[in-house]
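> whatever this is, show me its structure:
(chains A, B, C and D)
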Number of protein chains: 4
Amino acid sequence: MSSINKKFLSKGIDNSGFGSNSNTEGGRLTNKDGSINLRKTGTPFFSRYSLYHVLIRLPRTKFLLLVFVFYTVINIFFAFLYVYIGVDRLEGTQHSNNFFIQYSQAFFFSSQTLTTVGYGHVAPTGLLANSLASIESFAGIMAFALVTGLFYARFSRPRAHLMFSEKLLLTPYKEGNAFMLRVASKKNNHLTDAEAFVTTAFHVEENGKRVTKFYTLPLEISHINSLALSWTIVHYIDEKSPFWGFSEQDLRDANIEVMVTIKAFDDNYSNLVQQRTSYVASEIEYGAKFIPAFARSEDGSHTILQLDKLHVYEPVELNV
Amino acid sequence: MSSINKKFLSKGIDNSGFGSNSNTEGGRLTNKDGSINLRKTGTPFFSRYSLYHVLIRLPRTKFLLLVFVFYTVINIFFAFLYVYIGVDRLEGTQHSNNFFIQYSQAFFFSSQTLTTVGYGHVAPTGLLANSLASIESFAGIMAFALVTGLFYARFSRPRAHLMFSEKLLLTPYKEGNAFMLRVASKKNNHLTDAEAFVTTAFHVEENGKRVTKFYTLPLEISHINSLALSWTIVHYIDEKSPFWGFSEQDLRDANIEVMVTIKAFDDNYSNLVQQRTSYVASEIEYGAKFIPAFARSEDGSHTILQLDKLHVYEPVELNV
Amino acid sequence: MSSINKKFLSKGIDNSGFGSNSNTEGGRLTNKDGSINLRKTGTPFFSRYSLYHVLIRLPRTKFLLLVFVFYTVINIFFAFLYVYIGVDRLEGTQHSNNFFIQYSQAFFFSSQTLTTVGYGHVAPTGLLANSLASIESFAGIMAFALVTGLFYARFSRPRAHLMFSEKLLLTPYKEGNAFMLRVASKKNNHLTDAEAFVTTAFHVEENGKRVTKFYTLPLEISHINSLALSWTIVHYIDEKSPFWGFSEQDLRDANIEVMVTIKAFDDNYSNLVQQRTSYVASEIEYGAKFIPAFARSEDGSHTILQLDKLHVYEPVELNV
Amino acid sequence: MSSINKKFLSKGIDNSGFGSNSNTEGGRLTNKDGSINLRKTGTPFFSRYSLYHVLIRLPRTKFLLLVFVFYTVINIFFAFLYVYIGVDRLEGTQHSNNFFIQYSQAFFFSSQTLTTVGYGHVAPTGLLANSLASIESFAGIMAFALVTGLFYARFSRPRAHLMFSEKLLLTPYKEGNAFMLRVASKKNNHLTDAEAFVTTAFHVEENGKRVTKFYTLPLEISHINSLALSWTIVHYIDEKSPFWGFSEQDLRDANIEVMVTIKAFDDNYSNLVQQRTSYVASEIEYGAKFIPAFARSEDGSHTILQLDKLHVYEPVELNV
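Model prediction:
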């Protein structure tokens, strides 16, 4: 392999954003969902996180749970304050020496104030209770501004909604072989001006050291006008490919990782959207080809894209 | 036709995003409103739809109806819960054994809680009713966050507001003929840096099989600085055109579909906007030319764009 | 002039977006604020206007007035409905046979429902009043969603905040003369990657007809990295200029209009912003040069940009 | 130095956006946070500021304080109006001749109206009080629209979240030396397609006058696919550099300022983000090199980026 690699040493790209001696053989560079397999240290915990990014990426159920907990915690906090200044300052509450009864009345008054429902069968009297209620309703509006903003932002966030084939295939193509993956928009969105950008990372010997090299993989088609149907992205292994001259075994040995980025324009968001993924060695299938994922509708009036078939491939003899 | 087609077989573009053997002769590729004539299958119903895209594209009256139904259904649901735990837990309600009277009181209390109006002449007492009201007002704020967000997003969504001529014309032009369509912004928006991109699909014999080929149509002008007036988009059929050498009958036989995309920048949205349309065989008029759609205002101080004349054409002799 | 024009007939751009025989000599093509001097007809009034565009561009006081009128009209409408079904259905109202007293009570109840304040000293009873209140509070939330959305959108809308010099100057420059205008960001915004694009319209004889021709004016500098200070945009009249060989009188006779577009990126909006303006014959000053608009602060620690001096020029002898 | 500078006089860029004779030796051109060191005069105070830009850039605590003060001031204002028309017009208030008791009751009623809590234990009666409350709740919704919009906009504003190394280093590189700085995204955001753009300002003798010249510094790598780890931006001082032939002392004497702009695409915002900084003479370290800021995690599964080490360098001998 060393003779082959030498040819490409000078062609490796150094603007992948990853280091050449990162030695991350224990893990992948890019996760399946396109995020970077990286941890940051050296600054305080909170300064390392953008709360916005965290909340936007949280799974839906966790987000809703978090918001509900947040709502409850604020109520608990204010309820304690109302109990502290005296539940009798909340006119309309039932007199009781039982702490739980006092507290629950304060809690529900707090929730009515925070949401600005304000039934009024319980209402604050006196300076302290009134001030506290005034501050709470103000804080409620501020807090709900953030929460509802986030809630809507999550719902309306521009996303590519792409489905990638689970496997990257090595398929016979022209006189040789090609790496192929398939991608389709999996929802009712319409992407135009889609661009694909594929890079690979693999390990070569350089001056006796084992380093990670990065290469941009030339594609047969790297831009399509409309991502209407599924798109098979093809990297043909010819003289311009970093894999030129590799046998199947060489490819298996090279422990490659293939990183894919798709950028496109979405009409409904009127915005650029982007999605990434990555294929590591175990996600590459050698000697396989995709089966078609299309059909004509029974009445012949439109095309059907069978998303479940996007991943389906069958074995095939590779060219040597 | 076979001799003509051969010349262009190699020039067909393969990045249209449509398949070459999609065989969709029963229908058009792109609908009149620019959406793709495609259905997706193979994944669960809900994972195939982005709720956001659906709600953003729903016609206005359907959207308002849907929201009202949604509002009513949530109230019906909570009203049942209030009746279940006992309407007597809602202080201020009129005692009655009649289910309808109980239910309607619970329903209106629910609506007052959901919208956070909270008059308070009816108010919850006890742990259960209070908890339920607390949850409902919280849910109400969340739900209205989505609904009002969507409502406003629909209203403010960047759109090109373009009007395309109903027909694509074949008009005598220079020494030959040209396909022409007209486009104008139909509202009080001002588009700058407008770009037009036109592709055509048609069927040719290739290796004895009938396949769909795609071509980009070169335009006389494909970019204008300002889409101030109407814009006549012209594809001249010269040697660079896939239709070069076609007779009128050849064109009619080819069963072509012409897909048009306009991209521009809108000042008020400060955003890129895009609109698409498509012309199938029945929407092409052979031997016709557009009549002007402009006039000077009576006082001579400004130009008038007559939008109703955008579609108007008159018959004309084609060049042979 | 005819000999000069012939040289440029072929160089005129035909993608200005304006027509060549628009004959709009009575008025300017582009207004001072960058909008197009155009009226549209031929479609129903409301389909010619995007309500969003209208409301976003309305002057602030008119917008606030309109919103207040809108709020009042909705209250008037619902108040009539409450009076129609009987003010006695609103518990807590004072009984009266005086229509004005009835109506004003209904009106204030309506406003308390619409804004979801819902004090509750007046509250609906019975099916009709409750249903109406339920619908009104729902409508209120929807209406305020639009209004507050617009209110905020107006406030946060990406704008270039540019100030253009009132006059376009013809100033001696190098061996000849140049058209110059100045532009600066007039607020505390910082624009980067600013691009200027200047076109001119003027009337030439072509085949005996007087037509409007459009030319892109080459600029000495058309892109700057940062619009930090003021920017003097310079079109030097050399062989590449459509005005090459024109005497001052020729320029005055040509009745030119110069249209300017600036595009830049704003950090705070994280968005592209654009602003346009136009200079007609009466806004061009022949034989004048701008005086500097900068000074150093007294303590020498920063530069001062004197915005009021942006327009200031002094007479100067032109090169012949 | 004069012989060296002459070579570059013609290469200086004149589109930096800064003036050549700005003579701002007392201060830097660009502040550390990327803003321009400039003050504007000549227009009224308020027309020089975009309130939006001010409020978006205000530090968090100042913003929250300002909003709270704003909320309080509106309440104070309306409370005075209620007291003026008579607190007895607010039914449910406690009768008192004490101004403070009157005023505090009016104040809390006002806050309940403004936030639309509207408990209703205090409620307006009569035309004046009702009208005032109606206007206040309307104003409250408008005001909170702005405030909550701003609150959320600040939270969700697209930002690059970049950390730049505190110092710019002159480091031995290849056969000569290079200026180097490091940058990394300091939060959990992922930037792709990052571009760096570096310019320098320094003072040269031109026709006997001391003027500021601007140069674009060519970079070894100016674009990276993914800003995954830290990025060392390198300007090698070779024949294409404006600093070619400068000794270390020449560089120190030149009193240079180096301005850096990074542009990238952020997935979560689906938006372009940009951040700038600048290094003045005192922030340049001659003869130093960065130490690595990476480590492998203990379990070998991912890379660790040590943000605190981003600034760390060690002394090194420069090439001569």
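> can you name the next helix or strand after the longest helix anywhere in chain A?
Scanning chain A for the helix with the most residues, using DSSP state H, yields helix A:126-156. Where DSSP states H and E defines the elements, the next helix or strand beyond helix A:126-156 is strand A:162-164.
> who touches that next one?
With contact meaning C-beta atoms under 8 Å, 6 or more residues apart in numbering or on different chains, strand A:162-164 is reached by A:181-186, A:260, A:262, A:275, A:277, A:307, A:310. Backbone N, C-alpha and C define where each C-beta goes, glycine included.
> for the residue nearest to residue A:244 when sequence neighbours are not counted, list the residues it contacts.
Distances taken as C-beta to C-beta, 6 or more residues apart in numbering or on different chains place residue A:237 nearest to residue A:244, at 6.0 Å, with adjacent residues excluded. Each residue near residue A:237 by C-beta under 8 Å, 6+ apart is listed here: A:176-179, A:243-244, A:246.
> hmm, back to that, from the contacts of strand A:162-164, which ones fall inside strands?
Judged by DSSP state E, these include A:181-185, A:260, A:262, A:275, A:277 as members of strands.
> so which of those residues comes closest to residue B:315?
Distance to residue B:315, by C-beta to C-beta, is smallest for residue A:185 among these, at 42.9 Å.
> which strand residues bridge the closest one?
residue A:162 (DSSP bridges).
> give me the pLDDT value at it.
On the pLDDT scale, residue A:185 is placed at 87.
> does it really touch residue A:227, like I thought?
Yes - between residue A:185 and residue A:227 a contact is recorded at 5.6 Å, counting by C-beta atoms under 8 Å.
> out of those two, which sits in the more crowded spot?
Taking other C-beta atoms under 10 Å in any protein chain shown, residue A:185 and residue A:227 do not tie; residue A:185 has more neighbours (28 against 25).
> residues in contact with residue A:54?
Contacts of residue A:54 by C-beta under 8 Å, 6+ apart are residue D:188.
> helix, strand or coil for it?
helix (DSSP: H, G, I helix; E, B strand; the rest coil).
> hmm, back to that, which of the contacts of strand A:162-164 tops the neighbour count?
Within these, neighbour counts (other C-beta under 10 Å) peak at residue A:185, which reaches 28 neighbours.
> what pLDDT does residue A:24 get?
46.
> is the residue most central in space within chain A within a helix or a strand, and which one?
Centroid-nearest residue in chain A: residue A:33, 5.3 Å away (criterion: C-alpha atoms, centre = their mean). Using DSSP H and E, residue A:33 falls within no helix or strand.
> correct me if wrong: it contacts residue A:59.
No - shown here, residue A:33 and residue A:59 do not form a contact pair, counting by C-beta under 8 Å, at 11.7 Å.
> OK, contacts around the residue lying closest to residue A:159 once chain neighbours are set aside?
Once flanking residues are discounted, residue A:159 sits nearest to residue A:273: 6.0 Å by C-beta to C-beta, 6+ apart. For residue A:273, the contacting residues are A:158-160, A:191, A:263-266, D:270, by C-beta under 8 Å, 6+ apart.
> how much space between residue A:273 and residue D:270?
According to C-beta to C-beta, to the nearest Å, residue A:273 and residue D:270 sit 6 Å apart.
> any idea of the mean pLDDT for stretch A:274-282?
90.
> give the buried residues for that stretch.
Neighbour-count burial for stretch A:274-282, counted by 16 or more other C-beta atoms under 10 Å in any protein chain shown, picks out A:274-281.
> turn the residues you listed into TSV, including distance to chain B.
Output for the buried residues of stretch A:274-282, formatted as TSV (distance: C-beta to the nearest C-beta, whole Å):
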residue	distance to chain B
A:274	15
A:275	14
A:276	19
A:277	17
A:278	22
A:279	21
A:280	25
A:281	28
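> and these, which is closest to chain D?
Using C-beta to the nearest C-beta, residue A:274 comes nearest to chain D of the buried residues of stretch A:274-282, at 5.7 Å.
> ok, that closest one touching residue D:265?
Yes - at 6.7 Å, residue A:274 counts as touching residue D:265 under the criterion of C-beta under 8 Å.
> domains of chain A?
Per the record, chain A has its domains at A:2-38+A:160-315, A:51-156, by automatic domain parsing.
> quick one: which of these is nearest residue C:47?
domain A:2-38+A:160-315 (21.0 Å).
> just to revisit the earlier point, contacting chain D as well, which ones from the buried residues of stretch A:274-282?
A:274, A:276 (C-beta under 8 Å from any C-beta of the partner chain).
> report the two of the buried residues of stretch A:274-282 separated the most.
Longest distance between any two of the buried residues of stretch A:274-282 is 25.1 Å, between A:274 and A:281; criterion C-beta to C-beta.
> ok, how many other residues are close to residue A:298?
8.
> tell me how far residue A:290 lies from residue B:69.
Distance from residue A:290 to residue B:69, by C-beta to C-beta: 43 Å.
> for residue A:76, phi and psi?
The phi/psi pair for residue A:76 (degrees, to the nearest 10) reads phi -60, psi -40.
> quick one: low-confidence parts of the stretch 1-150 of chain A?
A:1-14, A:17, A:19-27 (pLDDT under 70).
> strands along that one, start to end?
With strands called from DSSP state E, counting those that start in this stretch, the stretch 1-150 of chain A shows them at A:38-41, A:90-91, A:123-124.
> look at the residue nearest to residue A:244 and report its pLDDT.
93.
> circling back to that earlier point, show me the contacts for the residue nearest to the centre of chain A.
Taking C-beta under 8 Å, 6+ apart as the criterion, residue A:33 is in contact with residue A:277.
> in the stretch 201-320 of chain A, which spans are helices?
Secondary structure of the stretch 201-320 of chain A (DSSP state H, counting those that start in this stretch): helices located at A:248-253.
> what ranges do the strands span in it?
Using DSSP E, counting those that start in this stretch, strands in the stretch 201-320 of chain A cover A:209-216, A:223-226, A:231-236, A:257-266, A:271-279, A:284-286, A:288-290, A:294-296, A:303-306, A:313-315.
> check those for me: which has the lowest mean pLDDT.
strand A:294-296 (a mean of 75).
> name all residues that make contact with residue A:243.
Contacts of residue A:243 by C-beta under 8 Å, 6+ apart are A:179, A:237, A:251.
> find the nearest non-adjacent residue to residue A:95, please.
Nearest residue to residue A:95, sequence neighbours excluded (C-beta to C-beta, 6+ apart): residue A:88, at 7.1 Å.
> where's that neighbour relative to residue A:105, distance?
Here residue A:88 is placed at a distance of 10 Å from residue A:105 (C-beta to C-beta).
> these two: which has the busier surroundings?
Neighbour totals were compared for residue A:88 and residue A:105, and residue A:105 leads with 23 against 12 (other C-beta under 10 Å).
> residue A:87 is in contact with that one, correct?
Yes - between residue A:105 and residue A:87 a contact is recorded at 5.9 Å, counting by C-beta under 8 Å.
> what is in contact with the two at once?
By C-beta under 8 Å, 6+ apart, the residues touching both residue A:105 and residue A:87 are residue A:93.
> quick check: residues of the stretch 151-300 of chain A near chain D?
Contacts of the stretch 151-300 of chain A with chain D, taken as C-beta under 8 Å from any C-beta, map to A:153, A:157-159, A:197, A:199, A:261, A:269, A:271-274, A:276.
> between residue A:273 and residue D:270, what contacts are shared?
Common contacts of residue A:273 and residue D:270 (C-beta under 8 Å, 6+ apart): A:158-159.
> stretch A:61-69 and chain D, any residue contact?
No - using C-beta under 8 Å from any C-beta, stretch A:61-69 stays clear of chain D, coming no nearer than 14.2 Å.
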